[in-house]
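Peer 1: here you go, sequence then predicted model.
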Amino acid sequence: MPRYIPATLLFALILIASSPSPAAQPTELWLFYATNLQVDANVTKLEQIWRRAAKAGYSHVLLSDSKFAMLGQLGDMQTHYFDNLAHAKKLADELHLEIVPALFHVGYSSSILAHDPNLAEGLPVIDSLFIVKNNVAHLTPDPPVSLPPRPDWRDDNVTLGDALATVRNNTGNARFVFKLNLSPFRSYHVSVKIKTTAYTEAPKILPMAANHPLQYQSLGIEPTQDWKEHHIVFNSFNNRQVTLYFGVWDDAKGLLQWKDWKIEEVALLNLLRRPDTPCVVKGYTEGKDYEPISDPRLGNKPWPGDYEVYHQPPVIKTKGIPDGAQLRVSWYHPAIFEEEQVTCCPVDPKTMNLLADEAKRVKAAFASPAYMIYFDEIRCLNHDQSCRKLNLDAGPLLAKSVRDCANLLQGSRLYVWSDMFDPHHNAIKDYYLVRGDLAGSWEGLDKSVIIVNWNFPKRDQSLKFFADRGHKQIIAGYYDGQPSQIKPWLTSAANVKNVVGVMYTTWQHKYDDLEEFAKYVKQSALP
């Protein structure tokens, strides 16, 4: 061995030592699979898809079934369900596929809310005005609110008639707008009749205040439909001035017509009743001065865990309160997103009891070494008393929630969706109807938790953020697009360490590209 190292060799060695080592090639190929194991036909289809996946080189299945949250309530179906579950487990063993069950659907919470619809995150309504007449207290709008026949302004693409708005083959925005003076922390119902003929966009009703939407509900309008009434309900929060938009924000072909637009203040619609969402009639006692109040249609139409946007609200039946008495009523209601999403309150004690029961039963059913914490798109948080009495901002609150859920699965390998813990995605301020800033939510994740990353638009920043925190990552790609979409993902992944897998992720149960996706992953694999 030489007693000295030549300078040129020393310099080369320093360069090698200081150069970043190439990222390792992802070795795991995952399949996202959502199903209902109660249905025999679904199990037959599952077997066909899983056999194809195993042949194509897939090693893991992220298995999602809403019934995982209801294993203790299957009743007479229980034996049949667990027979099908056992069949799926046996098949996975035969094919050398590791099943990773998905638990804790906090963002899309219908399976949790099927147990108790009162566990929805509650938006506060404060001091709605009721006036008593003949032992019934009726809501009195405060202040009165209405929509005139003609809006305050419109885009050029909108033609106005007598309480009628028409849009035909619009280029760009086609909206009409009303400026409203409302009371803060009240609930408002908007209805309108809509007719379409081969219309290519999805019209919206959008209440805005301080440049922020107050609701995010889809109207469910068909491209061609006769006159049909549609509804939204929104909370005014702390706003007195609200701008109400009807319209579209994109180019569209076809015909769109609006008529009979209306707004009204509503009370007790989808009324939540649990200790931390109290319904209070100021100065009076429930049961003594008025009958107990509830909404019998809360969260059970058409199925348990599903919420109607609008129905006739309940009334307050009084006991001897004189006619003309003015009552101030405060209460809570859920927010409905898109077509049917409602988020539970994740820190309510009863919610945590249900999640603990789910964890116990799913662990017993699968005995899997790994589980997925299904926190994603949590669009309403930190409004009701369950959240607010913790005195935390939204980020630390979510961190506590995910940490508590992880503790229910202690000793297992854990995965979680990236979005709610990613400052380049949804872990931000003013995300949908979350009160506060979600920054810091990632502090609830131990470094051992593996991130399933689906932030394609900002994949470079997102992958680096989690890699710098020491997390392993799975790339969730495809999303019913082109299999080749995984190639830029893998290019970005080459710049960070510990990207250990890639997942074929379909929401539309589209498995035609299963094999082609696997080929792209193998062809584009990191060196």
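Peer 2: Sure thing, it's come through.
Peer 1: put the alpha carbons of stretch 59-69 into PDB.
Peer 2: C-alpha atoms of stretch 59-69 as PDB (Å, rounded to 0.1, in the frame of the first residue of the first chain):
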ATOM      1  CA  SER A  59     -46.700  -7.300  -5.000                       C
ATOM      2  CA  HIS A  60     -49.100  -5.300  -2.900                       C
ATOM      3  CA  VAL A  61     -52.900  -4.600  -2.800                       C
ATOM      4  CA  LEU A  62     -54.200  -1.500  -1.000                       C
ATOM      5  CA  LEU A  63     -57.700  -2.900  -0.200                       C
ATOM      6  CA  SER A  64     -60.500  -0.400   0.500                       C
ATOM      7  CA  ASP A  65     -64.000  -1.500   1.600                       C
ATOM      8  CA  SER A  66     -66.400   0.800   3.400                       C
ATOM      9  CA  LYS A  67     -67.600  -2.200   5.400                       C
ATOM     10  CA  PHE A  68     -64.300  -2.300   7.300                       C
ATOM     11  CA  ALA A  69     -65.800   0.400   9.500                       C
END
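Peer 1: contact partners for R154?
Peer 2: L160, A165, R175, F176, V177 (C-beta atoms under 8 Å, 6 or more residues apart in numbering). In this view, the C-beta of every residue, glycine as well, is placed from N, C-alpha and C.
Peer 1: of the residues you listed, closest to V192?
Peer 2: A165 (9.3 Å; C-beta to C-beta).
Peer 1: go ahead and report the secondary structure state at that closest one.
Peer 2: Put simply, A165 is strand when judged by DSSP: H, G, I helix; E, B strand; the rest coil.
Peer 1: closest to Q225 out of the contacts of R154?
Peer 2: Using C-beta to C-beta, the contacts of R154 come closest to Q225 at A165, 16.1 Å.
Peer 1: quick revisit: in CSV: the contacts of R154, plus pLDDT and secondary structure.
Peer 2: Formatted as CSV, these follow (pLDDT from 0 to 100; DSSP: H, G, I helix; E, B strand; the rest coil):
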residue, pLDDT, secondary structure
L160, 96, strand
A165, 97, strand
R175, 98, strand
F176, 98, strand
V177, 98, strand
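Peer 1: export those to a markdown table and tack on neighbour count and distance to A476?
Peer 2: Conversion of those to a markdown table gives the following (neighbours: other C-beta atoms under 10 Å; distance: C-beta to C-beta, whole Å):
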| residue | neighbour count | distance to A476 |
| --- | --- | --- |
| L160 | 14 | 46 |
| A165 | 23 | 41 |
| R175 | 22 | 35 |
| F176 | 21 | 40 |
| V177 | 18 | 38 |
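Peer 1: closest to H60 among these?
Peer 2: When the contacts of R154 are compared against H60 (criterion: C-beta to C-beta), the nearest one is R175, at 46.1 Å.
Peer 1: would you agree the closest one is in contact with L244?
Peer 2: No. Between R175 and L244 there is no contact under C-beta atoms under 8 Å: 10.3 Å.
Peer 1: and the helices in this protein, which stretches?
Peer 2: Taking DSSP state H as the test, the helices found in the chain are 7-18, 40-56, 78-95, 110-113, 349-366, 385-388, 394-408, 459-468, 486-493, 514-523.
Peer 1: just name the most buried of those.
Peer 2: Highest mean neighbour count among those (mean count of other C-beta atoms under 10 Å): helix 110-113, with a mean of 24.
Peer 1: report the contact partners of the closest residue to V192 other than its chain neighbours.
Peer 2: Spatial nearest neighbour of V192, excluding adjacent residues (C-beta to C-beta, 6 or more residues apart in numbering): W261 at 4.4 Å. Under the criterion of C-beta under 8 Å, 6+ apart, the neighbours of W261 are L147, A163, V190, S191, V192, F246.
Peer 1: try it again at 7 Å.
Peer 2: The contact partners of W261, by C-beta atoms under 7 Å, 6 or more residues apart in numbering, come to L147, V192, F246.
Peer 1: before we move on, what about D422?
Peer 2: Taking C-beta under 7 Å, 6+ apart as the test, what D422 contacts is N455, S462, F465.
Peer 1: again, only using 8 Å
Peer 2: Neighbouring residues of D422 by C-beta under 8 Å, 6+ apart: W442, N453, N455, S462, F465, F466.
Peer 1: retrieve the pLDDT associated with it.
Peer 2: We have a pLDDT of 98 for D422.
Peer 1: now do K67
Peer 2: At K67, the model reports a pLDDT of 94.
Peer 1: how many residues are close by R413?
Peer 2: R413 is flanked by 15 other residues according to other C-beta atoms under 10 Å.
Peer 1: show the pLDDT at it.
Peer 2: Looking at R413, the pLDDT reads 98.
Peer 1: in contact with the closest residue to it other than its chain neighbours, which residues?
Peer 2: Spatial nearest neighbour of R413, excluding adjacent residues (C-beta to C-beta, 6+ apart): A370 at 3.9 Å. With contacts defined as C-beta under 8 Å, 6+ apart, the neighbours of A370 are E98, V100, S412, R413, L414, Y415.
Peer 1: pretty sure the last one sits against N453.
Peer 2: Pointing back at Y415 there. No. Taking contacts as C-beta under 8 Å, Y415 lies outside contact range of N453: 10.6 Å.
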